[in-house]
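Colleague: Sharing a model prediction with you, sequence too.
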Protein chains: 2
Amino acid sequence: MEDPVSNLINTYHELNAAVVDELDEEPTALGFMRFLAKNRPFVARHAARQWKAVKDWNTDYLRHAMENEAVAVAVTPHGNADAVVEQEDGSLVFVEPHETFELFEHFLGDVQAGAEAVEQDGSNVKYAQTQNDNLRNEYQSLYVDVPKEIPFARIALNEGADAINFWLGNQRSISALHKDSYENIYIQVRGQKHFTLLPPVEMPCVNEQLLPKGRYAPSVKDSGKLEVELDHEAERVPVALWDPDSPSKLTTPYSHMAKPLRVTLNEGDMLYLPSLWYHKVSQSVGQEGVAVAVNYWYDMDFSGQFWASNNFVHDVLSAEQSKPAYPKLEMDGKGL
Amino acid sequence: MEDPVSNLINTYHELNAAVVDELDEEPTALGFMRFLAKNRPFVARHAARQWKAVKDWNTDYLRHAMENEAVAVAVTPHGNADAVVEQEDGSLVFVEPHETFELFEHFLGDVQAGAEAVEQDGSNVKYAQTQNDNLRNEYQSLYVDVPKEIPFARIALNEGADAINFWLGNQRSISALHKDSYENIYIQVRGQKHFTLLPPVEMPCVNEQLLPKGRYAPSVKDSGKLEVELDHEAERVPVALWDPDSPSKLTTPYSHMAKPLRVTLNEGDMLYLPSLWYHKVSQSVGQEGVAVAVNYWYDMDFSGQFWASNNFVHDVLSAEQSKPAYPKLEMDGKGL
Ligand SMILES: O=C(O)CCC(=O)C(=O)O
Ligand SMILES: O=C(O)CCC(=O)C(=O)O
């Protein structure tokens, strides 16, 4: 008999094409529910074209709106906020970015300068990516330029957004493969985002491991340089080690079965990224050297069997891995 | 670590109360999609109260509408159509009913007479339960009295009903625990139906086994008596052996974890029975000695991860069962 986990992934692929459905307009609430019910993504091309943000945001506009405002900025040596870093001793650590608070215009200038920088120029990479409802807080002077809610989502889910986030960075920042327990509506405003998506049933492919946590911090010797500071108090966190762009490294026996979906968002496009989908995200800057996006997180529904089923896949894998390695049985008909 | 299958069932129960949600009117298409997305049942009380069928059907009306029409009737010794029967040698067989074609009024008379019969009077039990779209075929003269579609379901699913079925029987017929790969909208017209429901994640509780198939057929010696005729050609079929009303018989190690949902439909009530839910159904007759119902089957969606996840539970159980019984390891710290 075939291995149940392989069979799960194969059955999923037989029933679901590894492509993101393309809509040419925003869905209705009912149309959205059809995707949500299946936990399948879509991209609605140009759906946000009429948004004031999409029409008007340029660096002058942003600089003016955010004049004299300080914002939280993630600073990393390689554009690797919330990512796995290999230590000198070969061990892996999940490292959060160094966080600074700086004037928006200063931050914006650095992002634009970084867009011009040659790779590996040694300068740190800055990214506004706090994911803490920052568009209704730090960036509230820009919140007026986007809808207060995504109407089809608010109606379908019968609840308001849990967080609305503003993202600003350049091509040097990459969000490593991870998942969120949110229904995510993601809108590209300037530049492009390149999403690589894996459905929740591909959990066995992504090599989720518990890693110690760390954080980038300025080096004592050279405060312009960031070093990993281990957090010895923190609990280990589950992290996907496999990278769909380096598919032969850090694999599990199932990694080769993954069929990543790839989609690029252009200015004005809207992506529905369903709860618990793994996503890796890179970006390209627009004319002014920035990539800007906005996203709406709606709470996922833990009822029904979706959450419980994904948990079950996790538990079956763990049971598999924690099993003592029995000696291979000789099938000689003598039994045990 | 806890057993993954137990954990699945427990997690499901933690996130979902073991009750059928009660609505006091038909849901909208969007409201329906919310239940469908979670694969959770509801009962909409009195939702069909305005249907002509619910207002007008009585035995005179039915007899008149179906005058001179022959219909297919399931005949069984104990009201056990599509049920497990224990053979004399103790083996179990999945037995389909004997099927007769008879004048509707003759059949109706027998059902009414059966409603009065004392239990175990030895007479056979008749049930109209063909589930083959009979309301749009054999019973089409009654089809005019019900809506052509369930509007909220047709709109939500964007498809017409795959089958619309008419059911007529008495308290002697019981439909044994089984599941269907359909979204089912079930309306009680006369009498009551008593549903016992189990969610798909309780598959490990129901003791699904592959059984040989058989059919009731008139005995050669006494054509009024029905006997099981084994079908030696037919493939074995998966059948749930556990009965929520005899919970200590034919159990699996998980049966005690099941939390059956129970709901009674009264005249004019509508049940949404989601795809792949196990259901056992008994009935009580109305004033005229019949229980009459109508149901609409809409194709379920096999895409997304719902089908694949249920398959996975099945495969994990099978792998568990087919595993060689390893000797228990002594955990003495010496390893292997
Ligand atoms: O835009 C990014 O860099 C990452 C987006 C993301 O991870 C999210 O929206 O959850
Ligand atoms: O009404 C009954 O006896 C059984 C109903 C049923 O099994 C169904 O609608 O699928």
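Modeller: Perfect, I can see it now. Numbering: from 1, shown residues only, chains lettered A, B, ... in the order given. Ligands and ions are numbered 1, 2, ... in the order given.
Colleague: Give me the nearest residue to the residue in the stretch 101-250 of chain A positioned nearest to ligand 1, chain neighbours excluded.
Modeller: Closest to ligand 1 within the stretch 101-250 of chain A is A:S175: 3.6 Å, counting by C-beta to the nearest ligand atom. C-beta here means a position set from N, CA and C on the backbone, and glycine is covered the same way. In space, and not counting its chain neighbours, A:S175 is closest to A:V281: 4.2 Å by C-beta to C-beta, 6 or more residues apart in numbering or on different chains.
Colleague: Pull up the pairing partners for the helix or strand in which the one you found is found, direction included.
Modeller: Counting by DSSP states H and E, the element that carries A:V281 is strand A:278-284. Note on strand A:278-284: by DSSP bridges, its sheet partners are strand A:175-178 (antiparallel), strand A:192-198 (antiparallel).
Colleague: how much does the helix or strand following that strand deviate in direction from strand A:192-198?
Modeller: Downstream of strand A:278-284, the next assigned helix or strand under DSSP H and E is strand A:291-299. Counting by axes from the mean of the first three to the mean of the last three C-alpha atoms, to 10 degrees, strand A:291-299 points 40 degrees away from the direction of strand A:192-198.
Colleague: where does the spatially most central residue of chain A land on pLDDT?
Modeller: Compute the mean C-alpha point of chain A, and by C-alpha atoms, centre = their mean the closest residue is A:H279, 4.7 Å away. Turning to A:H279, the model gives it a pLDDT of 98.
Colleague: Show me the beta-bridge partners of it.
Modeller: Bridge pairing for A:H279 (DSSP bridges) gives the partners A:H178, A:L197.
Colleague: What are the buried residues along the strand holding A:V281?
Modeller: Across strand A:278-284, burial judged by 16 or more other C-beta atoms under 10 Å in any protein chain shown covers A:278-283.
Colleague: How about that strand and ligand 1, any contact?
Modeller: Yes - judged by C-beta under 6 Å from any ligand atom, strand A:278-284 comes into contact with ligand 1 at A:279, A:281.
Colleague: Could you do stretch A:178-192 as well?
Modeller: Yes - on the criterion C-beta under 6 Å from any ligand atom, stretch A:178-192 is in touch with ligand 1 at A:180, A:184, A:186.
Colleague: Quick one: mean pLDDT for that stretch?
Modeller: Mean predicted confidence for stretch A:178-192 is 98.
Colleague: Could you give the separation of it from the chain centroid?
Modeller: Distance, stretch centre to chain centre, for stretch A:178-192: 7 Å (C-alpha atoms, centre = their mean, to the nearest Å).
Colleague: Now stretch A:240-249: buried residues?
Modeller: Neighbour counts using 16+ other C-beta under 10 Å place A:240-244 of stretch A:240-249 among the buried residues.
Colleague: I'd guessed A:L142 sits against A:A65; true?
Modeller: Yes - counting by C-beta atoms under 8 Å, A:A65 is a contact partner of A:L142 at 5.6 Å.
Colleague: So these two - more neighbours on which side?
Modeller: Taking other C-beta atoms under 10 Å in any protein chain shown, A:L142 and A:A65 do not tie; A:L142 has more neighbours (23 against 17).
Colleague: so the more buried one is in which element?
Modeller: helix A:140-143.
Colleague: Pull the residues that contact the very next helix or strand once past that helix.
Modeller: Following the chain from helix A:140-143 toward its C-terminal end, the next helix or strand by DSSP H and E is helix A:151-157. Residues outside helix A:151-157 that contact it (C-beta atoms under 8 Å, 6 or more residues apart in numbering or on different chains) are A:26-33, A:36, A:160-161, A:183, A:185, A:296, A:298-299, A:301, B:30, B:33-34.
Colleague: The same query, at a cut-off of 10 Å, please.
Modeller: Contact with helix A:151-157 is made by A:26-37, A:44, A:47, A:147-150, A:159-161, A:183-185, A:272, A:296-301, B:30, B:33-34, B:37, as judged by C-beta atoms under 10 Å, 6 or more residues apart in numbering or on different chains.
Colleague: swap in stretch A:82-90?
Modeller: A:74, A:76-78, A:91-97, A:129, A:131, A:174-178, A:209, A:211-212, A:214, A:216, A:228, A:230, A:237, A:239-241, A:243, A:250.
Colleague: Among those, name the ones in helices.
Modeller: The helices, defined by DSSP state H, take in nothing from the contacts of stretch A:82-90.
Colleague: neighbours around the residue of the stretch 101-250 of chain A closest to ligand 1, how many?
Modeller: Neighbour tally, A:S175, other C-beta under 10 Å: 22.
Colleague: Pull the contacting residues for it.
Modeller: A:79-83, A:127, A:129, A:131, A:167, A:169, A:193, A:195, A:279-283.
Colleague: same thing with A:V5?
Modeller: Counting by C-beta under 10 Å, 6+ apart, A:V5 makes contact with A:201, A:203-205, A:252-254, A:257, A:313, A:316-317, A:320, B:312, B:315-316, B:319.
Colleague: so of the residues you listed, which ones are in helices?
Modeller: Among the contacts of A:V5, the ones falling in helices (DSSP H) are A:313, A:316-317, A:320, B:312, B:315-316, B:319.
Colleague: Please check these and keep the buried ones.
Modeller: A:313, A:316-317, B:312, B:315-316, B:319.
Colleague: and of those, the nearest to ligand 2?
Modeller: B:F312 (24.2 Å).
Colleague: how far away is that closest one from chain A?
Modeller: 4 Å (C-beta to the nearest C-beta, to the nearest Å).
Colleague: Roughly how far does A:N311 sit from chain B?
Modeller: Distance, A:N311 to chain B, by C-beta to the nearest C-beta: 5 Å.
Colleague: now A:P199
Modeller: Separation of A:P199 from chain B (C-beta to the nearest C-beta) stands at 7 Å.
Colleague: Next: A:A44.
Modeller: Here A:A44 is placed at a distance of 18 Å from chain B (C-beta to the nearest C-beta).
Colleague: so A:L265 makes contact with A:W167?
Modeller: No - counting by C-beta atoms under 10 Å, A:L265 stays clear of A:W167, with 11.5 Å between them.
Colleague: shared neighbours, those two?
Modeller: Listed contacts common to A:L265 and A:W167 are A:186-189, A:193, A:281, A:283, A:291, A:293; contacts here mean C-beta under 10 Å, 6+ apart.
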